[in-house]
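In: Could you look at this predicted model? Sequence included:
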Amino acid sequence: MANVVPVAPYTGEWYPGFKPEFITAPFIVDGTGPFTPEDEDKFWFLDFHWSRGMTPLAAFAWGQDGYCWGTQHAAENLPLPPGRGVTSRFAGTHLYGSAIPESDPREIGARANRLGTNLPRFLQNYQSTWEQGRDELEATWDYFQGIDLAAVPTGDLGGLLGQARRYHQRSMEIHFGVMYPLLVNFLGFYGACAEMGINTADIGKFLQGEDTKIMETDRGLADLAKKAKAAGLRPAFEDNSGTAIRTALSGQGGSASQWLTDFDDFLQVYGHRQEATCDVGVPSWLEDNTIPLDMIKSFVLKDEDHDFEAASRNALAEREAAIDTARSGLTKEEQAVFDAGLQSNLDANFSWWQDDHNYYIDLKVMIPLRKISQELAARVNADHKDDLLYLFWPELQAVAEAGAYQPGLKDLVKDRRQYFDHWGAKRGEMPKVLGTIPETVEDPVLIEIFGLNPSSIRAMQNPNAAEETVLTGVAAAKGVATGIARVLQSSDDMHRLEPGSILVCESTSPSWTAAFGKIAGAACDGGGMLSHAAIVGREYGIPTVTAIGIATMAIKDGDEIEVDGTNGRVTILKRAADLAGA
């Protein structure tokens, strides 16, 4: 009998005042919305990208245009033989995803034939395909950057909102249109390596060591930290956090003023970045300096500067050693297969693209929609600049068309803010999976990005997960580290990490990258070999285990734990309560 985790507790009313027509929009196979009883027949996983929850506008924009348009559009166009992309549902403010299977054998065969034609064509033209897509998005970004919103007539803001939404939707077409074939190519290489007896834990290493825009950003943050220490500004960082650091430095003048000028120059280049994937509800670094200042603080407080050049050299050396080891155990015929597959994956490198694309897509494409919504909020005398982010798309359009914000809508937004806060506080108790739980999954995104393998799925169904002391997962980045666990819900809490901490979280995104410059190890609920945590763990040389499934349930903040990134194991050595009583 199939194991079922009921969806009933998460059906019923969604956001106050929600109507089904608020979230109807074009999709390919299946649209989004709140859970219904019928959804219990499918397998749903809690998406780690949005641990804060999602406002109504964010839920509409990502749930519909991200998952239900972007992934399904790409899965049909490539196509993926056994899958038609991903769909989404909401439990309160929290998003769950589900792969859409293709079960018709004839259709699977036809899709496989199309893939056999389309994939080689994509790989041959990958570089130009990605660059054209990236440049198209950058041109649209520049268009929005050139608009002085204060000078735009109120009646024209609705049209700009539509353009901003299309910018996001188009970015999702490009995003998944590149992501799926890269991933399929990697999985083909992975399967060949496994058949030839190569240690699959080493396959990710074959592609590491490439520089990305995210690593470039981290080096910029580290350089600012060096300047702060050289200018004698460490006390301001030691005694303050977030924007209070800026306030403290502003009052000092002299070298502190020069440092703030350098910091603002950095933000003009790298500050168009949000701390969540495509989330209109989250401010950019330019809007709120808290995250970059706390990241810089983490570098300032380290006794030794992180050596990015040495880490890069080590990553490349490890890559070459892993490749040599793999080839040494193969016949000449097998070496030819290995070399061809490796070269194909180096030319179209998913590990590199997975981090690099975030700079151009995931971290900034929602900023225009956010800024235009805030400008409209000011024009209609909303109580708060973010009020309109608590509207669904049709409601937002209606405000733009009328140029007015009715009292009843104001009251509804207050209720929705309370709903958002209520469900945000429930994140730690949300089930990791819902619906009918399979033994395994086939969708490559779920396996390699979300880490949904048989081991992690079994772990998430364990009723005694909170009492487990030895956890297993994907051996994402080699090495062993021992330290005090810091269990974090989102990157907002990164300031709680001390040098030598073990980061424990659902999974990481580029907003967490700077933390790898000071932590000793990382343990994540989700994420496969090609997840952000795995890639950055290898680049920084930080022992990392992903796809544990229950790390944030079993490990308590303050526990002393060991992360064995070589063998994919995390051991709780001492509980926080025992350490406190020692």
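Out: In hand now; what should we look at? Residues are numbered from 1 along each chain as shown.

In: Find the residue ranges of the stretch 401-550 of the chain scoring beneath the pLDDT cut-off.
Out: Judged against pLDDT under 70, the stretch 401-550 of the chain has no low-scoring part.

In: all strands for it, in order.
Out: Applying DSSP state E, counting those that start in this stretch to the stretch 401-550 of the chain gives strands spanning 433-437, 470-472, 474-477, 480-487, 502-505, 521-524, 544-546.

In: Now do the same for the residue with the largest distance to the centre of the chain: its pLDDT.
Out: The C-alpha centroid of the chain is most remote from Lys332, which lies 40.1 Å away (C-alpha atoms, centre = their mean). In the prediction, the pLDDT value recorded for Lys332 is 96.

In: one step back: a markdown table please, covering the strands of the stretch 401-550 of the chain and showing distance to Leu119 and mean neighbour count.
Out: (C-beta placed from N, C-alpha, C; glycine too.) As requested, these are exported to a markdown table (distance: least, C-beta to C-beta, whole Å; neighbours: other C-beta atoms under 10 Å):
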| stretch | distance to Leu119 | mean neighbour count |
| --- | --- | --- |
| strand 433-437 | 31 | 20 |
| strand 470-472 | 33 | 18 |
| strand 474-477 | 25 | 28 |
| strand 480-487 | 39 | 19 |
| strand 502-505 | 34 | 27 |
| strand 521-524 | 30 | 30 |
| strand 544-546 | 27 | 31 |
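
In: Between those strands, which one is closest to Ile291.
Out: With C-beta to C-beta as the criterion, Ile291 lies closest to strand 502-505 of the strands of the stretch 401-550 of the chain, at 15.2 Å.

In: Paired strands for the closest one, with orientation please.
Out: Counting by DSSP bridges, the strands paired with strand 502-505 are strand 480-487 (parallel), strand 521-524 (parallel).

In: With Glu375 as the reference, measure out to the residue most central in space within the chain.
Out: For the chain, the residue nearest the mean C-alpha position is Ser509 (4.0 Å; C-alpha atoms, centre = their mean). According to C-beta to C-beta, to the nearest Å, Ser509 and Glu375 sit 27 Å apart.

In: rewinding a little: what's the residue nearest to the centre of the chain in contact with, if anything?
Out: 49, 276-277, 358, 362, 491, 532 (C-beta atoms under 8 Å, 6 or more residues apart in numbering).

In: mind redoing it with 6 Å?
Out: His532 (C-beta atoms under 6 Å, 6 or more residues apart in numbering).

In: Equivalent analysis for Ala326, please.
Out: Here Ala326 is in contact with Ile198 (criterion: C-beta under 6 Å, 6+ apart).

In: mind checking how far stretch 220-239 is from the chain centre?
Out: Centroid separation for stretch 220-239 versus its chain: 28 Å, with C-alpha atoms, centre = their mean, to the nearest Å.

In: where exactly do the helices run in the stretch 351-500 of the chain?
Out: 367-379, 393-402, 407-424, 444-448, 454-460 (DSSP state H, counting those that start in this stretch).

In: could I get those as JSON lines with mean neighbour count?
Out: Compiled in JSON lines, these are given as follows (neighbours: other C-beta atoms under 10 Å):
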{"stretch": "helix 367-379", "mean neighbour count": "22"}
{"stretch": "helix 393-402", "mean neighbour count": "18"}
{"stretch": "helix 407-424", "mean neighbour count": "16"}
{"stretch": "helix 444-448", "mean neighbour count": "23"}
{"stretch": "helix 454-460", "mean neighbour count": "20"}
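
In: which stretch among these comes nearest Leu207?
Out: helix 444-448 (12.3 Å).

In: Let's see that closest one as CSV, backbone CA atoms only.
Out: Extracted C-alpha coordinates of helix 444-448, given in CSV (Å, rounded to 0.1, in the frame of the first residue of the first chain):
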residue,chain,number,x,y,z
PRO,A,444,16.0,15.0,-13.3
VAL,A,445,15.3,18.3,-11.7
LEU,A,446,13.8,16.6,-8.6
ILE,A,447,16.8,14.2,-8.4
GLU,A,448,19.8,16.5,-9.0
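
In: Tabulate the strands of the stretch 401-550 of the chain (JSON lines), appending distance to Val399.
Out: Formatted as JSON lines, these follow (distance: least, C-beta to C-beta, whole Å):
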{"stretch": "strand 433-437", "distance to Val399": "34"}
{"stretch": "strand 470-472", "distance to Val399": "48"}
{"stretch": "strand 474-477", "distance to Val399": "45"}
{"stretch": "strand 480-487", "distance to Val399": "40"}
{"stretch": "strand 502-505", "distance to Val399": "36"}
{"stretch": "strand 521-524", "distance to Val399": "40"}
{"stretch": "strand 544-546", "distance to Val399": "42"}
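
In: looking at these, which is closest to Leu157?
Out: strand 502-505 (37.4 Å).

In: Off-centre distance for the closest one?
Out: 15 Å.

In: Make 41 the first number, not 1, from now on.
Out: That works, and once the first residue is 41, the last one we named lands at strand 542-545.

In: what's next to that strand, contact-wise?
Out: 523, 525, 527-528, 555, 559-564, 591, 595, 601, 603.

In: so which of those residues would you say is closest to Gly149?
Out: Cys564 (36.6 Å).

In: Contacts for the lowest-mean-pLDDT helix or strand in the chain, please.
Out: The helix or strand of the chain with the poorest confidence is helix 484-488; it has a mean of 76 (mean pLDDT, DSSP states H and E). With C-beta under 6 Å, 6+ apart as the test, helix 484-488 has contacts from 139, 223, 227, 492, 568-570.
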